[in-house]
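Student: What follows is a predicted structure for the sequence shown.
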Amino acid sequence: MREHVLSVVLLFCSSVALFAQGDKITRGPYLQLGTPNSIIVRWRTAGTNTSVVYYGLRAEKLDQKTKSAGILAEHVVLLSELTPATKYFYTIGTTNGPLPGASTNSFVTSPESGTRKPIRVWVIGDPGTQFPQQRKVRDAYYKWTGKRHTDLWLMLGDNAYSFGRDSEYQGAIFDTYGKMLSQSVAWPTLGNHDARSADSKTQSGVYYDIFSLPTQGQAGGVMSGTEAYYSYNYGNVHFVCFNSCDIDRSPNGEMLKWLRIDLAANKLDWTVAYFHHPPYTKGSHTSDDVKGENTDLTEIRENVIPILEQGGTDLVLCGHSHDYERTPLLDGHYGRSNTLTDAHKKNKGNGQEDGDGPYRKPTLGPAPHEGTVYVVAGSSGKISGGELNHPAMCFSTNSLGSLVLDFNGPRMDATFLSEKAEKLDHFTIVKGEK
Ligand SMILES: [Fe+2]
């Protein structure tokens, strides 16, 4: 009898402890896979519990709720039937109500595909060092953007050094960008360091456990059938995220077959492609592959860039080299740096309104070979030097920073912002004006 009572007491105590742990938030909330009508809210608790998001149009009236099945520590809740371009307030909780300590956050649903409205995008490359420099770059952007909402943000890979482990993601991403993660949807790509704890062929490992990415074209674009590469629309911008690390990059491989189909189906004003390995760089890596050490970069340049240019891509964003390098409007350069000629530059200027003037592309929409600007922005966590003398570049600097993109109808302004919130580079592309 005494043993029986003891068992009941122990069971009661362990249940209380489990629920207490289940109330303790250890990660998030963070937003994923935003579309005009839906968004995914994720978080982690120390123990298991139910998963409920309470939300509404006013912070003081969270009168709607969505529950996911199961009693889990990793919580993933899909909110659906939302109104496009609308601000919602939310908090995370259980079937008993909001979790203790959970704040009320907000998000804004994506506009309908094709809508022309001002869009701000924050881009970080190779951020995940957990060095003080990473936080300086973050704080510079937070200060610079102020109350202007970040509509979406991109991670260009090497998001968590050195092995992309869960604990490294905790420090480098979740403990660093909590505010941004809770209010703006993050759209990542895989870097070579992230790939040390993930496998793209099976879509398994830490990166794939952490992120909820579109496989079915849920946010626009052609379905890829895999989280390893995907596309989506935000307003009048088509974003293409592909994998430069651990997926077949051959011209007839599944990824590039999908890329051709996706770009051919796109009709939006702007096309932005991003992935980790840059086609042109002379930073901490070189794209010239002189010793056979950088075949990733060569394959990207030879196999992928022709498809992107044929598909009318306006902007290509990469990391990997821990610096900032930026070309003018370029087209048709698929060889080593010593094969570059002036003929590859559609516009040799700096693209600055207060300098040589904006880059102008005749067609508003995806027209082939009207020029692409290539940016390496891999210094959001550290800088690593390099010669920085690639002849395709019109500006290169060994400086910490992040990139900001502002779309407004037929105009796009890009700003490279230092860790001191200085504008180190900027350029403008205007489309649809002959
Ligand atoms: Fe890298």
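Tutor: Alright, I've got the coordinates.
Student: Would you mind listing what in the chain touches the ion?
Tutor: 158, 191, 192, 320 (CB under 5 Å from the ion). Yep, even glycine has a C-beta here, placed from its N, CA and C like the rest.
Student: tally of neighbours for the last one?
Tutor: When neighbours are defined as other CB atoms under 10 Å, residue 320 has 29 of them.
Student: pretty sure it is in a strand, no?
Tutor: No: with DSSP: H, G, I helix; E, B strand; the rest coil as the criterion, residue 320 is located in coil rather than a strand.
Student: Hmm, it is touching residue 157, no?
Tutor: Yes: with contact defined as CB atoms under 8 Å, residue 320 reaches residue 157; the gap is 7.1 Å.
Student: Please enumerate the shared neighbours of the two.
Tutor: 125, 126, 191, 192, 276 (CB atoms under 8 Å, 6 or more residues apart in numbering).
Student: in terms of contact, does the third one touch residue 157 like I think?
Tutor: Right, the one you point to is residue 191. Yes: between residue 191 and residue 157 there is a contact under CB under 8 Å: 2.7 Å.
Student: Return every residue with contacts to both of the two.
Tutor: In contact with both residue 191 and residue 157: 126, 245, 276, 319, 320, using CB under 8 Å, 6+ apart.
Student: Could you dump these into JSON lines with pLDDT added?
Tutor: Compiled in JSON lines, these are given as follows (pLDDT from 0 to 100):
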{"residue": "126", "pLDDT": "98"}
{"residue": "245", "pLDDT": "93"}
{"residue": "276", "pLDDT": "97"}
{"residue": "319", "pLDDT": "98"}
{"residue": "320", "pLDDT": "97"}
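Student: Pull the most distant pair out of those.
Tutor: 126 and 245 (12.9 Å; CB to CB).
Student: between the two, which one's more packed in?
Tutor: residue 126 (31 against 24).
Student: hey, where'd the helices end up in the stretch 301-434 of the chain?
Tutor: Taking DSSP state H, counting those that start in this stretch to define them, one finds helices in the stretch 301-434 of the chain at 305-310.
Student: could you pull out the strands for the stretch 151-300 of the chain?
Tutor: 152-155, 185-188, 198-199, 204-205, 230-234, 237-241, 270-274 (DSSP state E, counting those that start in this stretch).
Student: How about residues contacting the fifth one?
Tutor: I take that to be strand 230-234. Contacts for strand 230-234 (CB under 8 Å, 6+ apart): 34-35, 110-111, 113-114, 119, 151-152, 187, 213-215, 217-222, 224, 238-241, 262, 266, 268.
Student: quick one, it and strand 237-241 angle?
Tutor: Comparing the axes of strand 230-234 and strand 237-241 via axes from the mean of the first three to the mean of the last three CA atoms, to 10 degrees yields an angle of 160 degrees.
Student: starting at the chain centroid, how far to strand 230-234?
Tutor: Here strand 230-234 is found 11 Å from its chain centre; the criterion is CA atoms, centre = their mean, to the nearest Å.
Student: partners of it in the sheet?
Tutor: Counting by DSSP bridges, the strands paired with strand 230-234 are strand 237-241 (antiparallel).
Student: Export only the CA atoms of the strand it pairs with, formatted as CSV.
Tutor: This file holds the C-alpha atoms of strand 237-241, laid out as CSV (Å, rounded to 0.1, in the frame of the first residue of the first chain):
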residue,chain,number,x,y,z
VAL,A,237,8.9,40.0,-56.6
HIS,A,238,9.7,36.3,-57.4
PHE,A,239,12.3,34.8,-55.1
VAL,A,240,14.3,31.7,-56.1
CYS,A,241,16.3,29.9,-53.4
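Student: tilt between it and strand 270-274?
Tutor: Going by the same axes, to 10 degrees, strand 237-241 makes 20 degrees with strand 270-274.
Student: how far does strand 237-241 sit from the chain's center?
Tutor: The answer for strand 237-241 is 10 Å, by CA atoms, centre = their mean.
Student: For that strand, give the mean pLDDT please.
Tutor: Mean per-residue pLDDT for strand 237-241: 98.
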